[in-house]
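S.K.: have a look at this fold, sequence not included:
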Ligand code: SAM
């Protein structure tokens with residue numbers, strides 16, 4: 001899979017592609033990337049890439065001409081092209097999974113007040129926000145988007161890690177523990193040391209549910225919850241344990 005990132009400061013992304021899991025994925029040829037400096041496509045003497053906004057108002061806007069040429073050089077139109085913007089659709093795991101199916105993704109990073117609408121109308125296929133807040137520029141948002149997508153590309157991360165994490169089944173992930181079993185008087189829930197895989201799976205699902213109800217109840221609004229999940233939810237309600245701190249961190253288990 002190839003990521004082409006268009007930015008006025010592409011050097012911000014260089015370190016991201018050169019470290020850790022991404023570095024390995026690039027070295028193994030699973031991921032390719034290209035960082036394009038939009039300023040290289042501004043042909044006037046001062047390589048000007050911004051201008052005042054028609055109609056007035058504070059701030060500058062990225063000019064269409066350099067963006068148009070830079071995007072054309074990246075293969076647009078004809079390639080999935082994301083503009084990261086706070087006024088886009090909110091990024092979620094399903095969108096990341098959808099984007100991970102592409103062979104190539106072009107990502108446009110905004111600056112200033114953003115980009116001229118005509119570029120969005122003619123070159124951009126997806127406007128995506130990484131959250132309900134405004135960043136000063138698109139490079140960090142682009143890295144968030146790329147990170148959510150590339151790790152889903154086959155082979156980058158083991159499939160098991162991906163199926164057992166938050167959102168993969170519509171719920172938040174259950175709490176996890178490692179050695180030592182007792183740390184500063186805090187005990188790992190007994191069931192996790194029991195070796196009983198069925199009980200462990202049940203505890204995890206119940207803990208996932210408790211956490212989802214506490215932090216992100218809207219995720220449970222979907223109607224296709226499996227029957228077993230509905231039963232556990234009722235159990236939690238009956239126990240008055242709809243708070244991940246009481247239901248989970250006290251180490252209370254289903255066996256008790
Ligand atoms: N005037 C824009 C608005 O109110 O929607 C904000 C522009 S922001 C200061 C500059 C750039 O940062 C944007 O063009 C976009 O590329 C990026 N950006 C800021 N917040 C973002 C977010 N939540 N998600 C994705 N990109 C964001």
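M.R.: Perfect, thanks for sending it. All figures in this text were calculated on a predicted structure; none of them were measured in a lab.
S.K.: what about the residue of the stretch 1-150 of the chain found nearest the ligand, neighbour count?
M.R.: Closest approach between the stretch 1-150 of the chain and the ligand, counting by Cβ to the nearest ligand atom: residue 110, at 2.0 Å. Placement of C-beta: from N, CA and C, glycine included. Per other Cβ atoms under 10 Å, the neighbour tally for residue 110 reads 25.
S.K.: shouldn't it be in contact with residue 138?
M.R.: Yes. Proximity of residue 110 to residue 138 meets the contact threshold set by Cβ atoms under 8 Å, at 4.4 Å.
S.K.: pull up the overlap in contacts between these two.
M.R.: Jointly contacting residue 110 and residue 138 under the rule Cβ atoms under 8 Å, 6 or more residues apart in numbering are 83, 84, 85.
S.K.: isn't the first one up against residue 122?
M.R.: No. Under the contact definition of Cβ under 8 Å, residue 83 does not touch residue 122, with a separation of 11.6 Å.
S.K.: look at these two and report which has more neighbours.
M.R.: Neighbours of residue 83 and residue 122, each counted by other Cβ under 10 Å, are more numerous for residue 83; the result is 27 against 12.
S.K.: for the more buried one, grab phi and psi.
M.R.: Backbone dihedrals for residue 83, given as degrees, to the nearest 10, come out at phi -100, psi 120.
S.K.: pLDDT score assigned to it?
M.R.: Reading off the per-residue confidence, residue 83 sits at a pLDDT of 98.
S.K.: again, but for residue 253
M.R.: On pLDDT, residue 253 comes in at 41.
S.K.: what's around residue 212, how many residues?
M.R.: Neighbours of residue 212 (other Cβ under 10 Å): 22.
S.K.: for residue 16, same thing?
M.R.: Applying the criterion other Cβ under 10 Å, we find 19 residues in the vicinity of residue 16.
S.K.: who does the strand or helix carrying residue 120 touch, helix- and strand-wise?
M.R.: Applying DSSP states H and E as the criterion places residue 120 in helix 117-123. Contacts defined by 3 or more Cβ pairs under 8 Å, 6 or more residues apart in numbering; DSSP states H and E place helix 117-123 against helix 64-73, strand 81-90.
S.K.: which of those sits closest to residue 22?
M.R.: Closest approach to residue 22 among the helices and strands packed on helix 117-123 (Cβ to Cβ): strand 81-90, 17.8 Å.
S.K.: the closest one pairs with which strands?
M.R.: strand 104-109 (parallel), strand 126-129 (parallel) (DSSP bridges).
S.K.: residues in contact with the longest one?
M.R.: Residues external to strand 104-109 that are found in contact with it (Cβ under 8 Å, 6+ apart): 1-8, 67, 71, 74-76, 79-84, 99, 115, 119, 123-124, 137-139, 141-142, 145-146, 149.
S.K.: just these that are near the ligand?
M.R.: Among those, the ones lying close to the ligand by the criterion of Cβ under 6 Å from any ligand atom are 84, 137, 138, 141.
S.K.: how about the contacts made by the first one?
M.R.: Meaning residue 84. By Cβ under 8 Å, 6+ apart, residue 84 lies in contact with 107, 108, 109, 110, 128, 129, 130, 138, 141, 142, 145.
S.K.: the last one too?
M.R.: The contact partners of residue 141, taken as Cβ under 8 Å, 6+ apart, are 84, 109, 129, 130, 135.
S.K.: which residues touch the fourth one?
M.R.: By Cβ under 8 Å, 6+ apart, the contact set of residue 130 is 84, 91, 141, 144, 145.
S.K.: now which of the contacts of residue 84 would you call buried?
M.R.: The neighbour-count test (16 or more other Cβ atoms under 10 Å) applied to these identifies 107, 108, 109, 110, 128, 129, 130, 138, 141, 142, 145 as buried.
S.K.: need these in CSV with pLDDT, can you?
M.R.: Below are the buried ones among the contacts of residue 84 laid out as CSV (pLDDT from 0 to 100):
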residue, pLDDT
107, 98
108, 98
109, 98
110, 98
128, 98
129, 98
130, 98
138, 98
141, 98
142, 98
145, 98
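S.K.: noted, bye for now.
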